[in-house]
Structure formats: C-alpha cells, structure tokens
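S.K.: return atomic coordinates for the entry below.
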Amino acid sequence: MREFIDLNCDMGEGFGQWVLGDAPDEEIMALISSANIAAGFHAGDPNSMDRVVKLAQTYGVGLGAHPGYNDLQGFGRRYIKTSPEELVNDIVYQMGAIREFGRRHGIPLQHVKPHGALYMEAAVNEELSQMIVDMLAKTSGDTILFCMEASKTYRIARQSGHPVVREFYADRDYDNSGSIVFKRQVGRMDPQAVARKCVKACKTGKVTTVEGDEIDIGFESICFHSDTPGALDMGRAIRKGLTDAGITIASAATVLEKST
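M.R.: Reported below is the predicted structural model:
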C-alpha cells in the first residue's frame, strides 16, 4: 500500500473570456498537491497563467508546465504530424512561460507534463521521448517528468536517471496494455466510484481494464482533469477517499523523496 501519493490536476485550461470545465480553479487548487498549468498552445494565456500560478503559490501546490500541441481549436487533442525537434522546441517555449510566471510569484517549476495528444505521442515515440529527456537534462535537470508507466517516456527517463513520476488516471479507463484509453470527450462519472478506483490502486497496485481484467499498475501520482464534468465533486471524493484510507497527499517532489 502506498503511504504517500501526489494528486495532480490540469489547470488554467481556458483562453481569454472562454473557460473550460465547471470547476473553479481556486476550489480545485485547494484539493491537489501538484498543478499542471496550460502554457498557451492548447489552452491558457498570459493572464490565466499568471492567475493560476499565483494560486499554486498561495496553496503550496507543486508547479507544473502543461505543454501541448499548438492547437487551440482542437484543445491539443488532435495529432499533428511534425518533427520531434519542433515539438521539443514547443515544449521548451511553453515551459519557459510557466517558469517565468513561477519566478514572478516565488515558486519554482517542479515538473512538466505534456498534454493530450502530445502526451500520448511521446508515450509511443522513442525519438521524441529521448529528445524530451535530453532537453530536460540540459535545461532543467531537477524538473520532474510526468508520464504513464506503460510508455517509452518512462523507460527512457528511468534509464537516463532523470526524475520521473508515473501517473494513475482517475477519470480515464485502462486497456490491458496498461495504457489509458484516449478520449476527446468524457462524460460525468460517479465520484465515489472514481474514489474507490483510486484507493484500490493505492492499496493493491491494480486496476480493472476495459477488457475486464486486473492488471498491475505502478504510479506515484493520481491525475484527474478539471474539464471532466463534475470535476470538483470528483476531486473532493478522491481526496477524502485517500485520506480516509490513511494515505498522505503530498507534492510529486515529496513523494519521490519518500520513495527513495
């Protein structure tokens, strides 16, 4: 059973006057220990970045950059065919934005987590994953990389000795490969059922797949999405379920420290 777990959420995923999801950022921020903040390509703008980074500092939440494909119209959930080098440059650019707003508000960049289709592409693209890890080693050696256990990203980061955190997805299904089932639209879920799924994974290291099988799953962080309908109730249920089970919620950096 896990004694410590990070609880992360994708944040600031609006743009200008448009707000995505039905959960206020401040109420979500009060529940989590790490925040993945949209950096302007799939969502987010300078004002939203400033506001949400400041919230992370106020609530003592680990600051993360959430870079995506340059695809505001598709919310970064559409695959874009381009070179790994171009994608890594896009990631550097977006990380820089979040890092500078963090410096403005006195909070260091804890981690980077690619968004949506970029996350899923890195999971299966060895060249892209290697370039991301190499870039982080040169620019941000202590910046944690978030990814799935069942990904090339995780294997390469581990082999390179770069700090890496595996995620468990509360509001996504898994298949027998250990990968999440990627969806562009997700409906409302039963918060208590989601919480039970998370507690079970923490206690047993297992998850039930869409094929109906039980598979092993390794992770240091649990993710839910602020744009999932009912995200606030789901986040509250997950947090209560974990704490009631005696599991301490802590930032990704703290969980990694406790794991060594």
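S.K.: so what strands line up beside the lengthiest strand in the chain?
M.R.: What stands out as the longest strand in the chain, according to DSSP state E, is strand 4-11. When pairs are called by DSSP bridges, strand 4-11 turns out to pair with strand 34-38 (parallel), strand 221-225 (parallel), strand 248-249 (parallel).
S.K.: which of those strands has the highest mean neighbour count?
M.R.: A comparison of the strands paired with strand 4-11 by mean neighbour count, using mean count of other CB atoms under 10 Å, puts strand 34-38 on top with a mean of 30. Every residue, glycine included, has its C-beta placed from N, CA and C.
S.K.: what packs against whatever helix or strand Gln94 lives in?
M.R.: Secondary structure assignment for Gln94, by DSSP states H and E: helix 84-104. For helix 84-104, the helices and strands in contact under the criterion 3 or more CB pairs under 8 Å, 6 or more residues apart in numbering; DSSP states H and E are helix 46-59, strand 62-66, strand 109-112, helix 126-139.
S.K.: looking at these, which is nearest to Pro24?
M.R.: With CB to CB as the criterion, Pro24 lies closest to helix 46-59 of the helices and strands packed on helix 84-104, at 10.0 Å.
S.K.: any low-confidence regions in the stretch 151-260 of the chain?
M.R.: Across the stretch 151-260 of the chain, the ranges flagged by pLDDT under 70 are 183-185.
S.K.: helices along that one, start to end?
M.R.: Assigned by DSSP state H, counting those that start in this stretch, the stretch 151-260 of the chain shows helices spanning 152-160, 191-204, 231-244, 252-259.
S.K.: turn the helices and strands packed on helix 84-104 into JSON lines, including mean neighbour count, mean pLDDT and distance to Arg239.
M.R.: Shown next, in JSON lines, are those (neighbours: other CB atoms under 10 Å; pLDDT from 0 to 100; distance: least, CB to CB, whole Å):
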{"stretch": "helix 46-59", "mean neighbour count": "18", "mean pLDDT": "98", "distance to Arg239": "13"}
{"stretch": "strand 62-66", "mean neighbour count": "27", "mean pLDDT": "98", "distance to Arg239": "15"}
{"stretch": "strand 109-112", "mean neighbour count": "26", "mean pLDDT": "98", "distance to Arg239": "19"}
{"stretch": "helix 126-139", "mean neighbour count": "18", "mean pLDDT": "98", "distance to Arg239": "29"}
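S.K.: so which bits of the helix holding Gln94 are buried?
M.R.: Judged by neighbour count (16 or more other CB atoms under 10 Å), helix 84-104 contains these buried residues: 84, 87-88, 90-92, 94-95, 97-99, 101-102.
S.K.: for those residues, which one is nearest Gln192?
M.R.: Gln192 lies nearest to Ile98 out of these, by CB to CB, at 33.3 Å.
S.K.: which residue sits closest to that closest one in space, ignoring its chain neighbours?
M.R.: Spatial nearest neighbour of Ile98, excluding adjacent residues (CB to CB, 6 or more residues apart in numbering): Ala65 at 3.9 Å.
S.K.: pretty sure the one you found sits against Lys113.
M.R.: Yes. The pair Ala65 / Lys113 is scored as a contact, 7.5 Å apart, by CB atoms under 8 Å.
S.K.: and for the two, which residues touch both?
M.R.: Common neighbours of Ala65 and Lys113, counting by CB atoms under 8 Å, 6 or more residues apart in numbering, are Asn36.
S.K.: number of nearby residues for the nearest residue to Lys203 once chain neighbours are set aside?
M.R.: Nearest residue to Lys203, sequence neighbours excluded (CB to CB, 6+ apart): Met1, at 4.9 Å. Met1 has 10 neighbouring residues, counting by other CB atoms under 10 Å.
S.K.: and Lys206, bridged to which residues?
M.R.: Lys206 has these beta-bridge partners by DSSP bridges: Asp216.
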